[in-house]
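> quick one, what's the 3D model for this:
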Amino acid sequence: MKIKYFVFILLIFVCTAAKAQLITNKRAVNININQIKGQLPQSINLCVGAGRANEGLRADWQRQLKIAHNECGFKYIRFHGLLTDDMGVYFEDKNGKPIYNFQYIDELFDFLQSIQMKPFVEVGFMPGALASGTQTIFWWRGNVTPPKDYQKWNNLVKALVEHWTQRYGKEEVASWYFEIWNEPNLKDGFFTGTQQDYFKLYKETATAIKSVSASYRVGGPATAGNAWIPEMIDFCAQQKVPVDFISTHAYGVKQGFLDATGNAGTVISQNRNAIADDMYHSKKQIIQSKMPNLELHYTEWSASYTPADPIHDSYHEAAYILNTIKRAATVVNSMSYWTFTDVFEEAGPRVTPFHGGFGLMNYQDIKKPAYYAFKYLNQLGNAELQCTDSSAFVCKNGNDEIQALLWDFTIDHPGDSVNNQIFYKRLLPSKPAAPVEFKLQGLKPGKYKLSIYKTGYHANDPYSAYFEMGSPSQLTTAQVKTLKQKDADDPIEQSMVTINTSGNLTKQLAIRQNDVFLIKVNRVN
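As a prediction, the model looks like this:
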């Protein structure tokens, strides 16, 4: 009995000590609204990814892109398969004479124009009638071989770019980006040729595009895993090949680069800054090269490289996104999150509403926690304020509208002992983190409206709610309605506060691991 009593007292002591430690480690975010750091980097939401061009002809894809554009502010969209056979672009008659058909491309690009979005054009894959081989990738069979006839390939590329110029105008097309191919360093995946074969493809394609207008921006190598950057720049410098930007990809996993089904299993890197570190390294390679002023675009990135990883659906992903953007946004020109939607068929149509898909939204337009990371970023003002906290953005529009986005980012995955596909496929209640004291200085005296929004465990967290309703393989309309009600992003707090002549506002926040808060302070006239 005495032993049980001793254990009970010990547990109380441990819990009390842990709580006291959290209080001792209170996190202070102190901001003077008159101290401006500079303009908020535009790279944070310049571009977003999607699966393939043909999916862009679907009503659900277009509906979701319009939502993401309006709420998250994405300006460019990048996708695979523009020239793949399901887009019906290229044929040859019985004499081998090329026949071009741009109807499907027009339908897709006209839609992008109608919602004021621009294409980050990925030039690929190879039309079957022009391919040198039969090797394909994915359920939709994108041909990944070089062209059998470079003259015909160049003519196709030139004709398409001329068509766009005529249809949309030279000034508009000059605002696009043209990226040659996708992940050519994955020989067993996206390209059957060697590095030199890719460089030839790049040279021919870039030259064809530039022949229409020297102002059109071309780049590559669009590699997996930050590869080939020095080699690409050296090739273009030595061969005098046009290049306006470098592009590459990074994912926050420890192994491999291509796993369409998730069967191999993935493990998140324990390095919380893995992707940001890659971005810094790539930027350094460019600065130290013969072309130090090239733009750097990460045209794919997320926590995992497979569309079957439940971390994408989990509340953990929102804080992961914000941590990466906070650290790397100033060293890249864009960082295109992969992807905006689960309408994504590399491994064929998915059969459950939450399956670890890349998307910010699932099939039913249910917004994942990752979506709110970008939605909140898009609500920040253009002027970023000085902030020493490594997990916060504080911005303003004038002096009467202040926005603060702050979060906790904790990797609670145990490491190599378990795959993401097991660890994140369950309810994972969040643990307390150090409380936050948020303080604004320099406000004008008067009345302000204080609004607080939150994403985290059980807050804009449809994935956890889905588990709690039994993880149905298909959702009824009533279940979709229930999940959307839990995912409505209503403020968790709204109040009116009066600021006196001190100009100070202080707010205490209880925050848990991987919580995200958006705080808005707007002066009321």
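
> which residues pair with the nearest residue in space to D93 that is not next to it in sequence across the strands?
Leaving aside its sequence neighbours, D93 sits nearest to I99 (C-beta to C-beta, 6 or more residues apart in numbering; 6.2 Å). To be clear about C-beta, it is placed using only N, CA and C from the backbone, and glycine gets the same treatment. For I99, the beta-bridge partners under DSSP bridges are F91.

> distance of I99 relative to K375?
44 Å (C-beta to C-beta, to the nearest Å).

> more crowded one of these two?
K375 (24 against 10; other C-beta atoms under 10 Å).

> list the contacts of that one.
By C-beta atoms under 8 Å, 6 or more residues apart in numbering, the contact set of K375 is E71, C72, K367, D489.

> distance of it from N32?
Distance from K375 to N32, by C-beta to C-beta: 27 Å.

> what do you get for T388?
11 Å.

> between those two, which has more neighbouring residues?
N32 (16 against 9).

> next, the residue nearest to that one when sequence neighbours are not counted: phi, psi?
Excluding the flanking residues, the one nearest N32 by C-beta to C-beta, 6+ apart is Q441, at 4.6 Å. Phi and psi for Q441, reported as degrees, to the nearest 10, are phi -120, psi 150.

> same question, A53
phi -60, psi -40.

> tell me the contacts of it?
By C-beta under 8 Å, 6+ apart, the residues touching A53 are F79, H80, G81, L82, T84, M87, Y104, I105, L108.

> count the neighbours of the closest residue to K158 other than its chain neighbours for me.
Of all residues not flanking K158 in the chain, A208 sits nearest, at 4.7 Å (C-beta to C-beta, 6+ apart). A208: 22 surrounding residues under other C-beta under 10 Å.

> and the helix or strand containing A208, what's buried?
Assigned by DSSP states H and E, A208 belongs to helix 195-212. Neighbour-count burial for helix 195-212, with 16 or more other C-beta atoms under 10 Å as criterion, is recorded at 195, 197-206, 208-210, 212.

> farthest-separated two in those residues?
Q195 and V212 (26.9 Å; C-beta to C-beta).

> name the nearest of the contacts of A53 relative to P445.
The closest of the contacts of A53 to P445 turns out to be F79 (C-beta to C-beta; 51.0 Å).

> how about the closest one, secondary structure?
For F79, the assignment made with DSSP: H, G, I helix; E, B strand; the rest coil gives strand.

> what about it, neighbour count?
23.

> contacts only, for the closest residue in space to it that isn't next to it in sequence.
Counting by C-beta to C-beta, 6+ apart, A50 is the residue found nearest to F79 once chain neighbours are left out, at 4.2 Å. Each residue near A50 by C-beta under 8 Å, 6+ apart is listed here: G56, W61, L65, I77, R78, F79, T339, F340, T341, V343, F344.

> and the pLDDT at the second one?
Put plainly, it is W61. pLDDT recorded at W61 is 98.

> also the fourth one?
I77 carries a pLDDT score of 98 in this model.

> okay, now it: neighbour count?
I77: 24 surrounding residues under other C-beta under 10 Å.

> distance of it from D110?
14 Å.

> and I229, how far is that from P472?
45 Å.

> which one's more surrounded, these two?
More neighbours surround I229 than the other of I229 and P472, with 23 against 11 (other C-beta under 10 Å).

> which of the contacts of A53 sits closest to T482?
For these, the nearest to T482 is F79 (31.8 Å; C-beta to C-beta).

> got a list of what the closest one touches?
G49, A50, G51, R52, A53, E55, G56, E122.

> so which of the residues you listed sit within helices?
Within the contacts of F79, no residue falls in helices by DSSP state H.

> mind checking which of these are in strands?
G49, A50, G51, R52, E122 (DSSP state E).

> what residues are up against the residue nearest the centre of the chain?
With distances taken as C-alpha atoms, centre = their mean, Y337 lies nearest the centre of the chain, 1.4 Å away. When contacts are counted by C-beta under 8 Å, 6+ apart, Y337 touches V48, G49, W301, S302, I321, L360, A370, F374.

> just the strands in the stretch 301-450 of the chain please.
Taking DSSP state E, counting those that start in this stretch as the test, the strands found in the stretch 301-450 of the chain are 334-337, 383-385, 392-397, 401-407, 436-441, 446-455.

> for the longest one, which positions count as buried?
Yep, that's strand 446-455 we're talking about. Y448, L450, S451, I452, Y453, K454, T455.

> is the second one in contact with R523, as I believe?
No. If you go by C-beta atoms under 8 Å, L450 and R523 don't touch, sitting 11.0 Å apart.
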